[in-house]
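Enquirer: sequence unknown, structure follows:
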């Protein structure tokens, strides 16, 4: 096993290295940019890079580290080069949501997530590509260009946080921030073979996150290890006065929690989430992973969840309704371009969303879907009385070839079939790599009740550490 | 003979004078400021911004609803009202549709000597839009006002004339000023309104004696009149519009459902655009703001903030014996009402009747700047100056007229200026304590009756 | 499943979305297919259930009535295509 290059390190390894003076923040940052220069022409994970600013900040941090070697206590992400999905507002720095209409938009304010990451000492090397407005599951719907999967450049990295996932998986950065409405963190994490954590809805502030579906959007980390995800979660979680949907639930010390011994943790395995049309090999890989979990010491139990095909319909209606409203502010007067420059996918979603809310249709579509959403919430509550967490495949397939999405209109929703229900219920979920099929990564997801991120971190960490 | 019944509903928007806007921390005091100096990502509708409700806006909306006798929806939430307009930065207005804070209620008015309660439909809370200024080839937008808290008060369609509408508006304005929740200034725009007008044919059938049973069915159309900037214009516009609709109905046609503006110069209403799609607001609950659940106790706490309302002040003053005409003037201002009450208490002790006090306060505006003790003192001085009783005055007059037959004769011959001389004679006897006005009247009376 | 007909002209008005004729034709079919898919929800009876608009179970979230620092006029106008004298500029609104 060769020595890792600096950009291949994890957050924890970086901290160790900086503490031991094995390398400087500047060395690390330079290594990341070297990798970006080497790979991003083909990968296209980034829409904006900040090399000069990042190196200058790295120099400053090296000085700070010299003066205060214990800086990590106040700044848990000190010196860590990260990428931020381009739907998070960054003050004075272009923020586009990979949409043509916003191609010149420079927000006069920072998203809370960005504020917190920067305050914790992270170095934002750039903004990453995504499906425009987060409308997609492959990053092909970006108005600019398609990001590729680092494991196979003829395939997509998943979406909508495809750029962030690709940047982490290809070691262009140490960690990244993404967002999930229903699958947009977990699915690209699965397709790129990394860790993707979607916190409970309301755990992390959405202030400054360009919204897709206001009632399910959750910012979250994409990292190389579960421990890294826990560190970032601790930085991001908490109530924000600027976001009325953030919870007062106390923020746990997730890094400590995930190391705690677990006794009698039962994982529910939902039979409905092993779909008939799924890739057989993917099903086998995930089933093997679940057997490994049993070997580690977790109990498993067959459970039954609400048929995911209904979740797709519920999600489709509610999400498009909220999208049609959230995209109403783009009229070209205060910022941005004109509405005729919306991409086709955005236009379709706006129209469908308007339809399900319109006079005469509201009851049979929107209201009906919201009631079913309550049923989905209750269904999970019922299941969590029997088990502590749920284990299942993250995606019905491995990364698909570029161009596959265009043919199927509900592509996104179908791809996200295994994550939509938990997203609609606001539950936390994590995806981590559990194997390979045709040299492409397969994702295993763990879902827990609201505000029990420590459970999913514990299980995922135990699996990752077991090396089985 | 046709009997046309106008059916009018009013929607009044009132800007609350809170310190901050309804969903962000920008200052709500926007009047007269340079454009776009009170904005932030929220009220500017920037991508990623989120609304957080101002509790004072909510409390004031509840206060208004309580004052107007509405039922409070203790469980309420906000809804998005989706439409497009340059002054609406998010492409939706945060308002209330499904669960308005107040349901029902009424506003008492006095019309042609009779009391009438104008029934309300609902009272709800929402945010204001920005302001548009129209130039020849472009429109300018200022978002200082965007997000300011607005309470909308909607009547049932129970008003039946321009005059009723005006009286309702004056009454509503008075009540809201008493509550101290808004300036309610039509000129400054902190009070705005729209009228919805239809006309119904309630013609008596020819040859039949009995009246048609008043059925509740409203006409199939209604016309919305916007941009009415004063109560006077409202009355004019409504009266014009009623006649305009009647002229159409008389031709057996139906007035078009549309939005109209009022041209003050010409005194007419004119058509403005109205797309049907524009009225499909696609209301749905605001996902960025969790719902509210108020307890009975919390509502009671807000109720304690309720001051006495104008009609309550009026009732009290009338019971105290004050003439209606003084009551009307005094209750125009809460400050004056309060001053009156305070002073009346002192006055009673000093033998000054409330009605008398009221008359003084109305006729001598300078007195209103004085504290109660000074007012009483000044009135007493005034009264004591002319403290002579009528009986006594009459006696002195009879004497004086007897003593001055020449002057009386001059007066009878048309020399009216001699009256002053006669008054002087009476005052000399009265040592200056005869009220000159009363004296003059009595002198004339006595001369006429053959002194 | 019976295909539901969508009034695309109405929807483009609602969404303030200028569409080319080609787009309208394309979207007509695509949207109707999507709507057909979600019809499966009608299989489920949810009459007695309260809609779940807020999964957080939060209530009564508000802020105090205190004014804070706004954006400067310059910042507020910084992304606009056209400004004049401190105002945002848009094409003349026809109906007022």
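Expert: Perfect, thanks for sending it. Since we're looking at a predicted model, the values are computed, not measured.
Enquirer: Give me every residue in chain C lying close to chain B.
Expert: Taking CB under 8 Å from any CB of the partner chain as the measure of proximity, chain C contacts chain B at C:10, C:13-14, C:16, C:53-54, C:56, C:58-73, C:76-77, C:84-96. Every residue, glycine included, has its C-beta placed from N, CA and C.
Enquirer: got a list of what the residue in chain A that chain B sits nearest to touches?
Expert: Going by CB to the nearest CB, chain B is nearest to residue A:328 of chain A, at 2.1 Å. Contact analysis of residue A:328 by CB atoms under 8 Å, 6 or more residues apart in numbering or on different chains lists B:82, B:84, B:90, B:91, B:92, C:16.
Enquirer: ok, 6 Å please
Expert: Residue A:328 makes contact with B:91, B:92 under the criterion CB atoms under 6 Å, 6 or more residues apart in numbering or on different chains.
Enquirer: Can you tell me how far it is from residue B:282?
Expert: Residue A:328 is 10 Å from residue B:282, where distance means CB to CB, to the nearest Å.
Enquirer: picking that back up, A helix includes the residue of chain A closest to chain B, no?
Expert: Yes - membership of residue A:328 in a helix is supported by DSSP: H, G, I helix; E, B strand; the rest coil.
Enquirer: how about the strands in the stretch 301-450 of chain A?
Expert: A:389-393, A:429-437, A:440-447 (DSSP state E, counting those that start in this stretch).
Enquirer: hang on, the earlier thing: which of the residues of chain C next to chain B are buried?
Expert: Buried subset of those (neighbour count, 16 or more other CB atoms under 10 Å in any protein chain shown): C:10, C:13-14, C:16, C:53-54, C:56, C:58, C:61-63, C:65, C:67, C:70-71, C:73, C:76-77, C:87-90.
Enquirer: Next step: these restricted to strands.
Expert: Counting by DSSP state E, the part of these found in strands is C:87, C:88, C:89, C:90.
Enquirer: how about TSV for those, with distance to chain A and pLDDT added?
Expert: As requested, these are arranged in TSV below (distance: CB to the nearest CB, whole Å; pLDDT from 0 to 100):
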residue	distance to chain A	pLDDT
C:87	10	97
C:88	5	97
C:89	8	97
C:90	5	94
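Enquirer: What ranges does the stretch 51-200 of chain A have for its strands?
Expert: For the stretch 51-200 of chain A, the strands defined by DSSP E, counting those that start in this stretch occupy A:81-85, A:123-128, A:175-180, A:195-198.
Enquirer: so which of these is the most packed in?
Expert: Scoring the strands of the stretch 51-200 of chain A by mean neighbour count under mean count of other CB atoms under 10 Å in any protein chain shown gives strand A:195-198 as the most buried, with a mean of 33.
Enquirer: outside of that strand, which residues touch it?
Expert: Residues external to strand A:195-198 that are found in contact with it (CB under 6 Å, 6+ apart): A:180, A:185-186, A:189, A:218, A:220-223, A:226, A:229, A:429-432.
Enquirer: Looking at those, state which has the most neighbours.
Expert: Sorting the contacts of strand A:195-198 by how many neighbours each has (other CB atoms under 10 Å in any protein chain shown) puts residue A:189 first, at 38 neighbours.
Enquirer: now the residue nearest to it when sequence neighbours are not counted: how far from chain C?
Expert: Excluding the flanking residues, the one nearest residue A:189 by CB to CB, 6 or more residues apart in numbering or on different chains is residue A:196, at 2.5 Å. Separation of residue A:196 from chain C (CB to the nearest CB, to the nearest Å) stands at 20 Å.
Enquirer: Which pLDDT value belongs to residue A:196?
Expert: Residue A:196 carries a pLDDT value of 98.
Enquirer: any idea how far it is from residue B:151?
Expert: As for residue A:196, its distance to residue B:151 is 46 Å (criterion: CB to CB).
Enquirer: For stretch B:420-436, buried residues please.
Expert: B:422, B:423, B:425, B:426, B:427, B:429, B:430, B:433, B:434, B:435.
Enquirer: oh sorry, the question was meant for stretch B:320-330
Expert: For stretch B:320-330, by 16+ other CB under 10 Å, it's B:320, B:322, B:326, B:327, B:330.
Enquirer: All good on my end, thank you.
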